[in-house]
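Peer 1: with the sequence up front, the predicted model follows.
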Amino acid sequence: MRQVVLDTETTGIDPRQGHRIIEIGCVELVNRKHTGNSFHVYINPERLVEQEAIDVHGITNEFLTDKPLFKHVASEFVEFIRGAQLVIHNAPFDVGFMDHEFNKLLGVTPPKTADICTVLDTLELARQMHPGQKNNLDALCKRYGIDNSHREKHGALLDAEILADVYLMMTGGQTDLNLSGNKTSTGAGGEVIRRLDGNRKALKVIRASADEMKSHESRLDLVMEKGGSCLWRQ
């Protein structure tokens, strides 16, 4: 099963008011494991970014001046997500912006996100699992013990990396890497998350000695004598 955990940053909150995507970050999971493959790009939105949005993600108009237009990265982006299940926190927001960008493409029949892939909304999932509680990404990180201390501002690739770990913990606790491949990134710039080398030496297994096992059993005997409950004896 191939999943793509996705996040975007935008010029504002409503595409119907002409707001655009300025950053896309994606990380790939196959069979619930990180593959190390990612897609990351900044985009020139051809309009000004609202100050309220800059306060959230820190991406300025000056920074975006020389970045590619969406039409120049659309083909590569679509191929990366095609056929996957997108995992998005508050999916209607990101999908609404993606469909808006697809509709602006000229000379082609614009696709809909639903024509390219399926979508899983982790915000809706979290609300079902934790009704009445805070379910934003920061709250979920705290709930599931995910370290997000390096997240000073929102960023599409960084948030996608964090959401991938949160999603895996929410749905079974599997956060192992697929170490058969190396970390790769496509698109322009952005943070690189370093993963362990798949060719590293196997961990050494240290087993208890006979004396240690004897001491362990003696301790269990004492627990039983005191009327305690001993899981090792059940």
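Peer 2: Perfect, thanks for sending it.
Peer 1: host element of residue 105?
Peer 2: In this assignment (DSSP states H and E), residue 105 forms part of neither any helix nor any strand.
Peer 1: mind listing the helices for the protein?
Peer 2: Assigned by DSSP state H, the helices in the chain fall at 51-57, 61-64, 70-81, 91-103, 113-116, 122-129, 137-144, 156-170, 210-225.
Peer 1: just name the most buried of those.
Peer 2: Greatest average neighbour count among those goes to helix 156-170 (a mean of 23), per mean count of other CB atoms under 10 Å. Using the backbone N, CA and C atoms, a C-beta is placed for each residue, glycine as well.
Peer 1: low-confidence stretches in this protein?
Peer 2: The chain contains residues with pLDDT under 70 at 107-108, 152, 173-205, 226-234.
Peer 1: now with 80, please.
Peer 2: 106-110, 149-153, 173-207, 219-234 (pLDDT under 80).
Peer 1: mind checking how far residue 130 is from residue 139?
Peer 2: Applying CB to CB, to the nearest Å, the value for residue 130 to residue 139 is 9 Å.
Peer 1: same question, residue 65
Peer 2: 35 Å.
Peer 1: now swap in residue 42 and tell me
Peer 2: Per CB to CB, residue 42 is found 28 Å from residue 139.
Peer 1: distance between the ends of stretch 149-163?
Peer 2: 14 Å (CA to CA, to the nearest Å).
Peer 1: what does that stretch rub up against?
Peer 2: For stretch 149-163, contacts defined as CB atoms under 8 Å, 6 or more residues apart in numbering pick out 5-9, 23-27, 38, 40, 56-58, 87-89, 122, 137-138, 141, 146, 148, 190-191, 193.
Peer 1: what of stretch 96-110?
Peer 2: 8, 10, 15-16, 19-21, 70-71, 74, 111-113.
Peer 1: send the alpha carbons of it over as PDB?
Peer 2: What follows is stretch 96-110 as a C-alpha-only set of coordinates in PDB (Å, rounded to 0.1, in the frame of the first residue of the first chain):
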ATOM      1  CA  GLY A  96      -9.500  22.700  -2.000                       C
ATOM      2  CA  PHE A  97      -6.300  24.500  -2.800                       C
ATOM      3  CA  MET A  98      -5.000  21.700  -5.000                       C
ATOM      4  CA  ASP A  99      -8.200  21.600  -7.000                       C
ATOM      5  CA  HIS A 100      -8.000  25.400  -7.400                       C
ATOM      6  CA  GLU A 101      -4.500  25.100  -8.800                       C
ATOM      7  CA  PHE A 102      -5.400  22.300 -11.100                       C
ATOM      8  CA  ASN A 103      -8.400  24.400 -12.400                       C
ATOM      9  CA  LYS A 104      -6.000  27.200 -13.300                       C
ATOM     10  CA  LEU A 105      -3.900  25.000 -15.600                       C
ATOM     11  CA  LEU A 106      -4.300  26.100 -19.300                       C
ATOM     12  CA  GLY A 107      -4.300  23.900 -22.400                       C
ATOM     13  CA  VAL A 108      -5.200  20.700 -20.500                       C
ATOM     14  CA  THR A 109      -8.300  19.200 -19.000                       C
ATOM     15  CA  PRO A 110      -7.800  20.000 -15.300                       C
END
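Peer 1: since that was my last question, I'll sign off now.
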